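A.B. asks: Using only what follows, build the 3D model:
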Amino acid sequence: SSCFLRGCRQPIMVDSIDQGMVAAVPELKSEADTLAWKREYHIRKREAEWKKKQDELLTQKQTAWEVQRLEKQNRLAAAREQARRKRMEERVQKKHQQVDREYRDKCREVQIDQRMEAWEKKSECSDLEQGRGCQRG
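C.D. replies: Reported below is the predicted structural model:
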């Protein structure tokens, strides 16, 4: 929409920023009043545009800060998860090593027992041979 002021040759274009400022157009008596009003109007319009731009910049900065904060939070969470997995893998590996060690110890004990039995039998036979009563079989 446009607004024609008395004594104005050109219309003044009204946009969303202008709505509050144009609402109360005073009754202008002279060309000096018209120029003063136009000057004030344009100053207020520039101030409103500057404020709107500053608000947009602040919103952009806040959004960027929030994105950075969330990215940092995600990196920290990923690092914690990786550390947790590593600890779990180390525990599993230690448990496997312990089970393997216990298995080898058990096998060693069985082997030792078998050797002891064989030695005892051999020793018995040796003692009996001296008495000539050992039968080999």
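A.B. asks: Would you mind pulling up the elements that the helix or strand containing R91 packs against?
C.D. replies: Following DSSP states H and E, one finds R91 within helix 31-130. On a contact count with 3 or more CB pairs under 8 Å, 6 or more residues apart in numbering; DSSP states H and E, helix 31-130 meets helix 19-22. All C-beta atoms are positioned from the backbone trio N, CA, C, and that covers glycine.
A.B. asks: Extract the C-alpha trace of stretch 75-85 and format it as PDB.
C.D. replies: Listed next in PDB are the C-alpha coordinates belonging to stretch 75-85 (Å, rounded to 0.1, in the frame of the first residue of the first chain):
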ATOM      1  CA  ARG A  75      31.900 -35.800  20.300                       C
ATOM      2  CA  LEU A  76      32.200 -36.200  24.100                       C
ATOM      3  CA  ALA A  77      29.400 -38.800  24.100                       C
ATOM      4  CA  ALA A  78      31.100 -40.700  21.200                       C
ATOM      5  CA  ALA A  79      34.500 -40.600  23.100                       C
ATOM      6  CA  ARG A  80      32.900 -41.900  26.300                       C
ATOM      7  CA  GLU A  81      31.200 -44.700  24.300                       C
ATOM      8  CA  GLN A  82      34.500 -45.600  22.600                       C
ATOM      9  CA  ALA A  83      36.300 -45.600  26.000                       C
ATOM     10  CA  ARG A  84      33.500 -47.800  27.500                       C
ATOM     11  CA  ARG A  85      33.800 -50.300  24.500                       C
END
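A.B. asks: Give the helix, strand or coil label for K29.
C.D. replies: Of the three states, K29 takes coil under DSSP: H, G, I helix; E, B strand; the rest coil.
A.B. asks: count of residues packed around W37?
C.D. replies: Around W37 there are 14 other residues, counting by other CB atoms under 10 Å.
A.B. asks: now E71
C.D. replies: Residues contacting E71 under the criterion other CB under 10 Å number 10.
A.B. asks: Repeat that for C125.
C.D. replies: Around C125 there are 14 other residues, counting by other CB under 10 Å.
A.B. asks: ok now stretch 103-123, how far from the chain's centre?
C.D. replies: Centroid displacement of stretch 103-123 relative to its chain, using CA atoms, centre = their mean, to the nearest Å, is 58 Å.
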